[in-house]
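J.: kindly generate the corresponding structure for this input.
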Amino acid sequence: MRHTYWVRQIGKNFILNSKQIKNNFDLDRLEALCLLHDTGRFYKINSVGKLVDNWDHAIIGYNILKQDKTYNKQSKLLLWVKYHNAISNLAMKKDKLFIDLKKDGRKKALFYLKFIKDIDKLQNFSRNNFISDLDEVMLSMSKKTWEYTKSNLKDLLNWKILSSKKQNTLIDRYLFILGRINDLNFDFSINYVKNINFLSKIMIKLNKLNFEEIELVEKYFNKEYGL
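T.: Residues are numbered from 1 along each chain as shown. Presented below is the predicted three-dimensional model:
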């Protein structure tokens, strides 16, 4: 619930400070999307109160809303909830609900999807325990934390979003998170990352792990995003 609340707060700030959004999009719908995007998250908790990782909460949320009379006719909202956790937007473009929309409807659907994906990531980036949680998860795997997968670094420096399946070490995990910056869609989002000093926090961690290409990564994000 705390995550949903702060997604709404960040999203609301985004909405109020963007003339493009205020003038061209439904503010109430954007706010509703912030509140509903993780509807399926609560169904991922098992009987002992732990998250079940092999369930896709976005698909679960989509199925829940599809059965609700309030939302089952709102095809665009269903699409945003269903695909907000997807790495690529291509999956939504192939969905019949998306294909059946008119041209302007498809354009707005893509905008709203990019909006919620950005806000969702920004809230996670800003959590105080976000980085420490990464440490705990990866260190528990007993891998050599100072090693990393070379292709991850190559993909990161070529504006790509890294695969979640190639996180073999703690450095890989940090590179994956930095790769999520490549998936941000708005100037507001980049400025938000800059204001919370997110890159600096990751660089401190990579430096402690003696990551050999830290300067290369810093130069990339400075050149491409001014971070």
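J.: H3: neighbour count?
T.: H3: 14 surrounding residues under other C-beta atoms under 10 Å. Heads up, the C-betas are built off the backbone N, CA and C, glycines and all.
J.: the helix or strand hosting it packs against which elements?
T.: In this assignment (DSSP states H and E), H3 forms part of helix 2-16. Contacts of helix 2-16 with other secondary structure elements, assessed using 3 or more C-beta pairs under 8 Å, 6 or more residues apart in numbering; DSSP states H and E, are made with helix 19-24, helix 27-36, helix 103-126.
J.: residue closest to the middle of this protein?
T.: For the chain, the residue lying nearest the average C-alpha position, counting by C-alpha atoms, centre = their mean, turns out to be K121 (3.4 Å).
J.: wait, doesn't that one sit right on R180?
T.: Yes. A contact is recorded between K121 and R180 when judged using C-beta atoms under 8 Å, the distance being 5.5 Å.
J.: quick check: next helix or strand after the helix or strand of the chain at the bottom of the mean pLDDT ranking?
T.: Among the helices and strands of the chain, helix 130-139 carries the lowest confidence by mean pLDDT, DSSP states H and E, at a mean of 59. Next helix or strand after helix 130-139 toward the C-terminus (DSSP H and E): helix 150-156.
J.: tell me the mean pLDDT over that next one?
T.: Averaging pLDDT along helix 150-156 yields 90.
J.: thinking again about what came up before, with mean pLDDT added, can I get the helices and strands packed on helix 2-16 in TSV?
T.: Converted to TSV, the helices and strands packed on helix 2-16 look like this (pLDDT from 0 to 100):
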stretch	mean pLDDT
helix 19-24	70
helix 27-36	74
helix 103-126	86
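J.: winner for burial among these?
T.: Mean neighbour count, computed with mean count of other C-beta atoms under 10 Å, is highest for helix 103-126 among those, reaching a mean of 19.
J.: what lies in contact with it?
T.: Applying C-beta atoms under 8 Å, 6 or more residues apart in numbering, the set of residues contacting helix 103-126 from outside is 3, 6-7, 10-11, 14, 21, 25, 29-30, 33-34, 37, 76, 79-80, 83-85, 89, 92-93, 98, 101, 130, 180, 183-186, 188-189, 192-193, 196, 198.
J.: what angle separates it from helix 27-36?
T.: In terms of direction (axes from the mean of the first three to the mean of the last three C-alpha atoms, to 10 degrees), helix 103-126 departs from helix 27-36 by 50 degrees.
J.: distance from the chain centre to helix 103-126, please.
T.: Mean-position distance between helix 103-126 and its chain equals 9 Å (C-alpha atoms, centre = their mean, to the nearest Å).
J.: quick check: T149 touching R173?
T.: No. Counting by C-beta under 8 Å, R173 is not a contact partner of T149; they are 10.6 Å apart.
J.: which one's more surrounded, the two?
T.: For T149 against R173, the residue with the higher neighbour count under other C-beta under 10 Å is R173, and the figures read 23 against 18.
J.: work out the gap between stretch 120-127 and the centre of the chain.
T.: With C-alpha atoms, centre = their mean as the basis, the mean position of stretch 120-127 lies at 8 Å from the chain mean.
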